[in-house]
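*Asks:* Quick one, structure for this:
(2 chains)
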Amino acid sequence: MKSGIIVFPGSNCDADCLHVMKNVMKQESEYIWHQASNLSAYDAIILPGGFSYGDYLRTGAIARFSPIMSAVVDYARQGGMVIGICNGFQILLEVGLLPGAMLRNRSLKFICDTVNLKVRQANTPFSNKLEEGQIIQVPIAHGEGNYYCDEKTLQELNDNKQIIFTYCGPEGEESLEYNPNGSLANIAGICNEKGNVLGMMPHPERCSEAVLGGTDGYKIFASMLNYLEEVGR
Amino acid sequence: MFKAIIYVTLKEGVLDPQGEAVKKSLHVLNYEGVDEVRIGKFIEVWLKSQDEETARRELEDMSDKLLANPVIEDYRVELMEVV
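*Replies:* Here you go, the predicted structure:
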């Protein structure tokens, strides 16, 4: 699996993603500067976390007009795998590849923590190495992860099984107490209708090696590899 | 030359955590009558355009594309001619 990691001015999780892809996953991977426009060489595209363009105006609002983003939209429309992590998720929302928008965290605080996530769908390119209902631990680090969409969109997300990860307690309890940012329906990660684009606020690249305290994130990248090997692009 | 003021506000029903925090703070300051606070953005744009109608159309375009996010925000454009 050759992945491309898009680097915007202000991305800061790009090196972590590259490290996981190359040194942990043992796969080809390289950076793509946001001014590039050709993605044909890649089996998967990663939009990493960070503060693209300083989060000015709204998170992801300016990055979504970077030249590379029209290529990312085309790539996704053709069925290519795209994963947006944290700021990458915010960019996917702004560019319209995923529905909804981000609001400031309910607490107004930037939250850096490790949270429990419930796997809601295991039948996706990003979660096939996980089990439905499984609880995984993944770090978060964001100030605007309070996912919002209108009622109709939420209904569609539910009907089409597009909610992939939700925040929960250690035993899978779902309540506001275990929702770090106030997101609607405890949403931590959603995919598009076709299932080839995932956005998630938690950082799987920060928990892909035992030395970092957990390997649940690894399973998300391993799912992508598995999907590619089984189904192809 | 035109000067525009664009008010970007959260749509009705969209939670405003900043507004909530400011409201609580105002209550602490004994402004007990404060019922609701909502925070938005105030954007000034100076632009050259052939006439007011074109300027307004351009500003609405800018707002739809970049200045506001239609999922959560509404906007209002005020336009004036300046020298």
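
*Asks:* Name whatever forms a beta bridge with the residue of chain A found nearest chain B.
*Replies:* Going by CB to the nearest CB, chain B is nearest to residue A:101 of chain A, at 4.0 Å. The C-beta positions use only the backbone N, C-alpha and C, and glycine is treated the same way. Beta-bridge pairing for residue A:101 (DSSP bridges): residue A:148.

*Asks:* just the CA coordinates of the longest helix seen in chain A, formatted as PDB?
*Replies:* Determined from DSSP state H, the single longest helix within chain A is helix A:216-231. Output of helix A:216-231 as PDB, limited to C-alpha atoms (Å, rounded to 0.1, in the frame of the first residue of the first chain):
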ATOM      1  CA  ASP A 216      -5.400   0.100  18.700                       C
ATOM      2  CA  GLY A 217      -4.600   2.700  16.100                       C
ATOM      3  CA  TYR A 218      -2.500   0.200  14.200                       C
ATOM      4  CA  LYS A 219      -5.600  -1.800  13.500                       C
ATOM      5  CA  ILE A 220      -7.100   1.100  11.600                       C
ATOM      6  CA  PHE A 221      -4.100   1.300   9.300                       C
ATOM      7  CA  ALA A 222      -4.000  -2.500   9.100                       C
ATOM      8  CA  SER A 223      -7.700  -2.500   8.100                       C
ATOM      9  CA  MET A 224      -6.800  -0.200   5.200                       C
ATOM     10  CA  LEU A 225      -4.000  -2.500   4.100                       C
ATOM     11  CA  ASN A 226      -6.300  -5.500   4.400                       C
ATOM     12  CA  TYR A 227      -9.000  -3.800   2.400                       C
ATOM     13  CA  LEU A 228      -6.600  -3.000  -0.300                       C
ATOM     14  CA  GLU A 229      -5.200  -6.500  -0.500                       C
ATOM     15  CA  GLU A 230      -8.700  -8.100  -0.500                       C
ATOM     16  CA  VAL A 231     -10.600  -5.700  -2.700                       C
END
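
*Asks:* For chain A, which residues are neighbours of chain B?
*Replies:* Residues of chain A lying near chain B by CB under 8 Å from any CB of the partner chain: A:57-58, A:61-62, A:65, A:93-94, A:99-101, A:103-108, A:146, A:148-150, A:182.

*Asks:* Tell me who's in contact with residue 4.
*Replies:* This is for chain A. Contacts for residue A:4 (CB atoms under 8 Å, 6 or more residues apart in numbering or on different chains) come out as A:29-32, A:39, A:41-42, A:44-46.

*Asks:* not quite, I wanted chain B
*Replies:* By CB under 8 Å, 6+ apart, the contact set of residue B:4 is B:44-47, B:55, B:59, B:77-80.

*Asks:* Let's see that with 10 Å instead.
*Replies:* Residue B:4 sits next to B:43-47, B:49, B:55-56, B:58-59, B:62-63, B:77-80 when contact means CB atoms under 10 Å, 6 or more residues apart in numbering or on different chains.

*Asks:* rewinding a little: for the contacts of residue A:4, which ChimeraX command selects only the ones that are buried?
*Replies:* Applying 16 or more other CB atoms under 10 Å in any protein chain shown to the contacts of residue A:4, the buried members can be selected in ChimeraX as follows:
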select /A:29,31,32,39,42,44,45,46
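
*Asks:* That's all I had, so thanks and see you.
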